[in-house]
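Peer 1: Have a look; sequence and predicted model below, questions after that.
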Amino acid sequence: MAHTKDGFQLLEHKEYPQEEMLERAKRLFLQANERRTVREFSDRTVAKEVIELVLKTASTAPSGANKQPWNFCVVTNPDIKAIIREAAEKEEYENYHGRMSEDWLDDLKKFGTDWHKPFITTAPYIIVAFKKTYDLNAAGEKEKNYYVNESVGLACGMLINAIHHAGLVTVTHTPSPMNFLQKVLERPENEKAFLLLPVGYPAEDAAVPVISRKELEDMSVWYE
Ligand SMILES: Cc1cc2nc3c(=O)[nH]c(=O)nc-3n(C[C@H](O)[C@H](O)[C@H](O)COP(=O)(O)O)c2cc1C
């Protein structure tokens, strides 16, 4: 009988026949390739259970020493959304009027973005991902987290994919600097805002910029 060391369990692993493996990989690629960042939202409601599930998917991400150094704040309260929008637009106004370099503004032209962020109040859900720079144990002592940016970035990537998979849309928003989010949402000192993700349905006439994705040969190097 198979036995494992203390603290270990046998891996539950699913293997697929070659053809099915290829089919699965292709299907996921085609689906992922349909994902677009959407900046025009409908105010249609979304079932809370779906949001709970996409967050649970995000939280399956690998993390340094399994510290899972993330916390997702889910905002549906219209008053809080309005406060966040006002603060985000204040920062973004400064960004678009002096803080961003000419090159940066040039690179953003094709997205048609400016300092107005109506999606923060239109989308039914605003998820603010926080990174936990350290943890506090039950005794209130600091405990280290590792590779915090990498870990939270991975969790957010999985979240974005799960949102798309559910047939919803989001925009990866970075209203820099983001420290106002820690204050507005009354998060403790060890939590720093990482990304703001409005989630919902796209507006009926939502349009997205025409962009292209790198070809395999431009984004991978093979040593065979
Ligand atoms: C870290 C990061 C920050 C971003 N910040 C913003 C942002 O503040 N506002 C915005 O409209 N889009 C933002 N985006 C979205 C990108 O512009 C978008 O992902 C990119 O143009 C590719 O388009 P796609 O997501 O439709 O493939 C951000 C994306 C990432 C990964």
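Peer 2: Now that the structure is in, tell me what you want to look at. Here the structure is a predicted model, which is why all the values come from computation and not from measurement.

Peer 1: show me the contacts for Asn149.
Peer 2: Lys131 (Cβ atoms under 8 Å, 6 or more residues apart in numbering). For glycine as for every other residue, the C-beta is placed from the backbone atoms N, C-alpha and C.

Peer 1: From Lys192, how far out is it?
Peer 2: 10 Å (Cβ to Cβ, to the nearest Å).

Peer 1: tell me, what's touching the two both at once?
Peer 2: Residues touching both Asn149 and Lys192 by Cβ under 8 Å, 6+ apart: Lys131.

Peer 1: Report pLDDT for Ala2.
Peer 2: Here, the pLDDT recorded for Ala2 equals 62.

Peer 1: no wait, Thr174
Peer 2: At Thr174, the model reports a pLDDT of 96.

Peer 1: Around the ligand, which positions in this structure sit nearby?
Peer 2: Taking Cβ under 6 Å from any ligand atom as the contact definition, the chain meets the ligand at 36-37, 39, 111, 113, 171-174, 211.

Peer 1: switch to 8 Å and redo it
Peer 2: 35-39, 92, 111, 113, 171-176, 195, 208-209, 211, 213 (Cβ under 8 Å from any ligand atom).

Peer 1: Just the residues you listed: which are in strands?
Peer 2: Among these, the ones falling in strands (DSSP state E) are Leu195.

Peer 1: Which members of the residues of the chain next to the ligand occur in helices, if any?
Peer 2: Judged by DSSP state H, those include Glu92 as members of helices.

Peer 1: Can you select the buried ones from the residues of the chain next to the ligand in ChimeraX?
Peer 2: Applying 16 or more other Cβ atoms under 10 Å to the residues of the chain next to the ligand, the buried members can be selected in ChimeraX as follows:
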select :38,39,92,113,171,173,175,195
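
Peer 1: which secondary structure element contains Leu108?
Peer 2: In this assignment (DSSP states H and E), Leu108 forms part of helix 102-108.

Peer 1: Need the contact partners of that helix.
Peer 2: With contact meaning Cβ under 8 Å, 6+ apart, helix 102-108 is reached by 96, 100.

Peer 1: average model confidence for that helix?
Peer 2: Here helix 102-108 scores 94 as its mean pLDDT.

Peer 1: Kindly export it (C-alpha atoms) in PDB.
Peer 2: Backbone C-alpha positions of helix 102-108 (Å, rounded to 0.1, in the frame of the first residue of the first chain) are rendered in PDB as follows:
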ATOM      1  CA  GLU A 102       5.000  62.500 -22.900                       C
ATOM      2  CA  ASP A 103       6.100  58.900 -24.000                       C
ATOM      3  CA  TRP A 104       3.600  57.400 -21.600                       C
ATOM      4  CA  LEU A 105       0.700  59.600 -22.700                       C
ATOM      5  CA  ASP A 106       1.700  58.800 -26.300                       C
ATOM      6  CA  ASP A 107       1.600  55.000 -25.600                       C
ATOM      7  CA  LEU A 108      -1.900  55.500 -24.000                       C
END
